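Peer 1: sequence first, then the predicted structure, then my questions.
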Amino acid sequence: MDHTSPALPPLDALRAFEAAARLGSFSAAASDLHLTHGAISRQVAKLEHWLGERLFDRRARGVVLTPQGQRLHQRTSEAFALIADSSDRWVERRGAAIVRLTTIPSISSLWLMPRLKAFESGNPSLRIEFVVEHRNTDLEVEGIDLAIRCGRGSLPGRVSVRLFEEHCFPIASPDLAGSLGTGAPERVLEYPLVHDSDASGWRAWFAAQGMDYRPRPQDRRFEDYNLVLDAAAHGLGVALARPPLAGEALRSGRVVAVDRRTALNPVSYWLDRPASRLRPSAAELARRIMVEAMLSDAMAETFLKA
């Protein structure tokens with residue numbers, strides 16, 4: 001295996017080149033980087049020598065990029081923008097205690113957003129920055145303070161605490177629910193069943209009724225629970241209420257209960273943090289989330305100090 005580092009152009013020269021290309025002048029680049037005109041000229045010449053390419057046409061009123069220089073400027077601009085974006089994840093912005101919290105879209109909109117004002121209240125500098133995605137990222141590498149996820153247990157490399165569980169029951173639009181009426185649980189199979197990427201909730205509900213469920217061709221799968229609720233509200237089938245995510249849809253009457261029999265979903269909600277010690281602002285938010293989820297003080301302290 002070859003462990004040799006790839007040959008890189010001189011980075012100080014790249015920085016000088018990017019400034020000159022962006023500003024169209026060695027003098028302007030010198031002012032931007034607090035260097036002399038001669039220093040910028042020497043750095044650019046060093047880069048041109050390293051590449052074996054001429055990057056600028058020198059003219060009386062400034063410099064103009066050659067085609068080779070244009071290509072390099074595009075790449076260096078993209079690279080510097082990527083570095084700046086990554087650096088921003090690690091540096092807490094002045095004047096605000098930014099907490100980066102990652103979770104999936106449904107939790108962001110259905111559970112966090114209604115509570116966002118309360119979570120940020122009492123500390124005018126506290127701000128929550130959502131990182132919304134489905135994948136389980138490396139919190140340390142991505143600069144994430146906290147994560148809320150659906151899962152079946154702790155993940156390696158994280159400190160985790162279970163926030164709450166789900167006791168699910170079938171729901172549908174008022175019209176569809178009226179046509180189903182009441183009766184045996186198998187009546188819900190008269191319509192398509194709607195679920196997200198994990199159908200384990202439906203399997204658990206039918207198992208609790210002594211039935212075996214396997215997804216059928218007419219059943220509908222959507223990637224996120226927001227879409228599951230929308231599909232049910234528009235009469236596309238029967239979904240499962242997943243408290244507390246479905247609370248507002250039920251209170252507003254967009255969907256109603258089809259069957260009051262419940263089952264425990266094998267998927268729970270977890271609050272995660274990196275193994276390293278939390279910053280004070282992140283610890284404050286974690287504590288508020290755990291209070292909202294009605295965790296005991298002992299569980300909260302264990303999570304924060306593990």
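Peer 2: Looks like it arrived, so ask away.
Peer 1: what are the ranges of the helices in the stretch 201-306 of the chain?
Peer 2: Secondary structure of the stretch 201-306 of the chain (DSSP state H, counting those that start in this stretch): helices located at 225-233, 247-252, 280-292, 297-305.
Peer 1: of those, flag the one that's most buried.
Peer 2: Comparing the helices of the stretch 201-306 of the chain by mean neighbour count (mean count of other C-beta atoms under 10 Å), helix 225-233 comes out on top with a mean of 22. Yep, even glycine has a C-beta here, placed from its N, CA and C like the rest.
Peer 1: name the helices or strands packed onto the helix or strand containing residue 50?
Peer 2: In the assignment (DSSP states H and E), residue 50 maps to helix 37-51. Using 3 or more C-beta pairs under 8 Å, 6 or more residues apart in numbering; DSSP states H and E as the contact test, the elements touching helix 37-51 are helix 11-23, helix 26-33.
Peer 1: centre of the chain to the first one, how far?
Peer 2: On the basis of C-alpha atoms, centre = their mean, to the nearest Å, helix 11-23 is displaced by 33 Å from the centre of the chain it belongs to.
Peer 1: what is the mean pLDDT for it?
Peer 2: The average pLDDT within helix 11-23 is 90.
Peer 1: mind listing residues that contact it?
Peer 2: Identification of contacts with helix 11-23 by C-beta atoms under 8 Å, 6 or more residues apart in numbering yields 26, 28-29, 32-33, 35, 39-40, 43-44, 46-47, 50, 55-56, 63, 65, 69, 72-73, 76-77, 80.
Peer 1: how does it look with 7 Å?
Peer 2: Helix 11-23 has contacts (C-beta atoms under 7 Å, 6 or more residues apart in numbering) with 26, 29, 32-33, 40, 43-44, 46-47, 55, 63, 65, 69, 73, 76-77, 80.
Peer 1: so which bits of it are buried?
Peer 2: 13-21, 23 (16 or more other C-beta atoms under 10 Å).
Peer 1: give me the angle between that helix and helix 37-51.
Peer 2: Angle, helix 11-23 to helix 37-51, by axes from the mean of the first three to the mean of the last three C-alpha atoms, to 10 degrees: 110 degrees.
Peer 1: again with the last one
Peer 2: Inter-element angle recorded for helix 26-33 and helix 37-51: 100 degrees (by the same axes, to 10 degrees).
Peer 1: what is helix 26-33 packed up against?
Peer 2: helix 11-23, helix 37-51 (3 or more C-beta pairs under 7 Å, 6 or more residues apart in numbering; DSSP states H and E).
Peer 1: export it as PDB, just CAs?
Peer 2: Extracted C-alpha coordinates of helix 26-33, given in PDB (Å, rounded to 0.1, in the frame of the first residue of the first chain):
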ATOM      1  CA  PHE A  26      -2.000  42.200  -7.600                       C
ATOM      2  CA  SER A  27      -2.300  45.500  -5.700                       C
ATOM      3  CA  ALA A  28      -5.800  44.700  -4.600                       C
ATOM      4  CA  ALA A  29      -4.700  41.200  -3.600                       C
ATOM      5  CA  ALA A  30      -1.900  42.600  -1.600                       C
ATOM      6  CA  SER A  31      -4.200  45.000   0.300                       C
ATOM      7  CA  ASP A  32      -6.700  42.100   0.900                       C
ATOM      8  CA  LEU A  33      -4.000  39.800   2.400                       C
END
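Peer 1: what's in contact with it?
Peer 2: For helix 26-33, using C-beta under 7 Å, 6+ apart, the contacting residues are 15-16, 19-20, 23, 36-37, 39-41, 63.
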